[in-house]
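*Asks:* sequence plus the predicted model coming up.
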Amino acid sequence: MGVDERITTAAHRLTAAERRVAAVMTDEPETVAFGTVALVARRAATSGPTVVRLAMKLGYGGFVELQADIQRELSRLLGPARDRIREQPPADLLARVAEVEAHNVRRTLESVSAEQFDAVVDRLADPARAVWVLPGDVTEPVGSTLALRLAQLRSEVTLVGGSAVAAARVLAGLEPGDTLVAIDIRRYETWLVELTRWAAGVGAAVVAITDGPLSPLTAAAEEALPISAEGVGPFDSMTAGVALANALVAGVATRVRSVATSRLDRVEAAWTATGALVSDPTGSVRRRPAGPASRMEGEDRVPGEPATPIGEDLDAAHRAWRSAGKPADSHRGQRNGVNGSPLAGLAPLEPHQPVEEVVETAES
């Protein structure tokens, strides 16, 4: 069990002074790893006995044992990829990866309480609150998984990315009461931490998905969900983060099932009409879209096969959705420009583009 996990487990038993020492452990691991009890005490504005007492509460035999553990974690977690690539790889690499990734997923999901999970899912499922997903560079796979799948279940989901300037420009549309999901791990990106603090300051509810209870993201968060990111090789692993994102999406699906059912039906209809996928929802393989535009040069049309261009297929599907009663778009959806042309959804998704545009443009 690592230092951060020990702090999480003992958090409810820590005094205010002990919490300050714990903050030094996570914010300034070098101070603890290479300093003295007196130095740590000064940094935490407390006494030496408090530092030792915290070490005992965390399950160590004393400060020296705590210090050795932090030194090991500092070497493993803060060592850049250029250092870790020089380490000797395990003899059975696949077995080691399977062991570590299984541990990451199990540790992550078991660290989230049922109360925490329900609270976050309720927020993400609330149609009155727009959702903004802000991942760092390393945690982008977690953010993309959460945002892209969440946007197929509900509207007003925005994946924020790019440069600090671009992200700030997009987040200017955030309103009080919205939900910001901030995702990052050690060594946290400065611009992401600052934007998270700013969002909390203007009234957003922050959900932090991060790697420890004293991560700088948790200071502004209403809820903090921990992820384990131990990697085999030079890079941190996002496997557990993606698993957590999948769990949150599954939870939201149970809350918005009635709305999501019709929404997913329209998405599937759009994909079928455009021939976007190799197989349609029935499992039938579609070798190519119907119509002359799909044929090889010199190929004759099969007798009896309709020569309908893809666009007309989509237009017909669009008219069918309209006649069935397409849900009215919200005022924010119109403001964010999520109502594009029927084929707009075929364009690549920009890092700061509202994620629901991929869904909504196929519906409108």
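*Replies:* That came through fine.

*Asks:* centre of the chain to stretch 95-105, how far?
*Replies:* Stretch 95-105 sits 20 Å away from the centroid of its parent chain (Cα atoms, centre = their mean, to the nearest Å).

*Asks:* same question, stretch 150-160
*Replies:* 12 Å.

*Asks:* now it: average pLDDT?
*Replies:* For stretch 150-160, mean pLDDT rounds to 94.

*Asks:* now swap in stretch 236-249 and tell me
*Replies:* 95.

*Asks:* same deal with stretch 72-88?
*Replies:* Averaging pLDDT along stretch 72-88 gives 61.

*Asks:* gap between V242 and L171?
*Replies:* With distances taken as Cβ to Cβ, to the nearest Å, V242 is found 24 Å from L171. Placement of C-beta: from N, CA and C, glycine included.

*Asks:* how about the contacts made by A182?
*Replies:* Applying Cβ atoms under 8 Å, 6 or more residues apart in numbering to A182 gives the contacts 134, 192, 195-196, 199, 206-210, 217, 221.

*Asks:* between these, which is closest to T158?
*Replies:* Of all these, T158 sits closest to L134, with 9.2 Å by Cβ to Cβ.

*Asks:* partners of the helix or strand where that closest one lies in the sheet?
*Replies:* Under the criterion of DSSP states H and E, L134 resides in strand 131-135. Strand pairing for strand 131-135, determined by DSSP bridges: strand 157-159 (parallel), strand 179-183 (parallel).

*Asks:* compare those and give me the one nearest R107.
*Replies:* strand 179-183 (17.2 Å).

*Asks:* chain center to that closest one: distance?
*Replies:* 8 Å.

*Asks:* can you give me the domain assignment for this protein?
*Replies:* For the chain, the structural domains run 3-78, 113-255, 259-283+306-363, going by automatic domain parsing.

*Asks:* just name the most buried of those domains.
*Replies:* domain 113-255 (a mean of 20; mean count of other Cβ atoms under 10 Å).

*Asks:* pull up the distance across that domain, start to finish.
*Replies:* 18 Å (Cα to Cα, to the nearest Å).

*Asks:* for stretch 25-40, same thing?
*Replies:* 9 Å.

*Asks:* re earlier: which one of the strands paired with strand 131-135 lies nearest to N104?
*Replies:* Using Cβ to Cβ, those put strand 179-183 closest to N104, at 15.3 Å.

*Asks:* just the C-alpha atoms of the closest one, please, in PDB.
*Replies:* C-alpha atoms of strand 179-183 as PDB (Å, rounded to 0.1, in the frame of the first residue of the first chain):
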ATOM      1  CA  THR A 179     -20.100  20.200 -13.800                       C
ATOM      2  CA  LEU A 180     -16.400  20.200 -14.700                       C
ATOM      3  CA  VAL A 181     -14.600  16.800 -14.700                       C
ATOM      4  CA  ALA A 182     -10.900  17.500 -14.300                       C
ATOM      5  CA  ILE A 183      -8.600  14.600 -15.000                       C
END
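
*Asks:* next secondary structure after that strand?
*Replies:* Assigned by DSSP H and E, the successor of strand 179-183 is helix 190-201.

*Asks:* what's the weakest-modelled helix or strand in the protein?
*Replies:* Averaged element by element with mean pLDDT, DSSP states H and E, the chain has its least confident helix or strand at helix 331-335 (a mean of 40).

*Asks:* next one: phi and psi at the nearest residue to E101 once chain neighbours are set aside?
*Replies:* Nearest residue to E101, sequence neighbours excluded (Cβ to Cβ, 6 or more residues apart in numbering): T239, at 4.8 Å. Torsion angles at T239 (phi, psi; degrees, to the nearest 10) stand at phi -60, psi -50.

*Asks:* dump the residue contacts of T239.
*Replies:* With Cβ under 8 Å, 6+ apart, T239 has these contacts: 101, 104-105.

*Asks:* ok, F34 next?
*Replies:* Q71.

*Asks:* how near is it to Q67?
*Replies:* In this structure, F34 and Q67 are 8 Å apart, going by Cβ to Cβ.

*Asks:* and V100, what is it in contact with?
*Replies:* So V100 contacts 230-232, 237 (Cβ under 8 Å, 6+ apart).

*Asks:* ditto for T145
*Replies:* 242, 245-246, 249.

*Asks:* now it: which helix or strand?
*Replies:* helix 140-150.

*Asks:* correct me, but T210 touches I183?
*Replies:* Yes - T210 lies in contact with I183 (Cβ atoms under 8 Å); the separation is 7.2 Å.

*Asks:* now do the strands in the stretch 151-300 of the chain.
*Replies:* 157-159, 179-183, 205-210, 223-226 (DSSP state E, counting those that start in this stretch).

*Asks:* so which of those gets nearest L277?
*Replies:* Using Cβ to Cβ, the strands of the stretch 151-300 of the chain put strand 157-159 closest to L277, at 21.9 Å.

*Asks:* my read: A208 touches A224, true?
*Replies:* Yes - shown here, A208 and A224 form a contact pair, counting by Cβ under 8 Å, at 4.4 Å.
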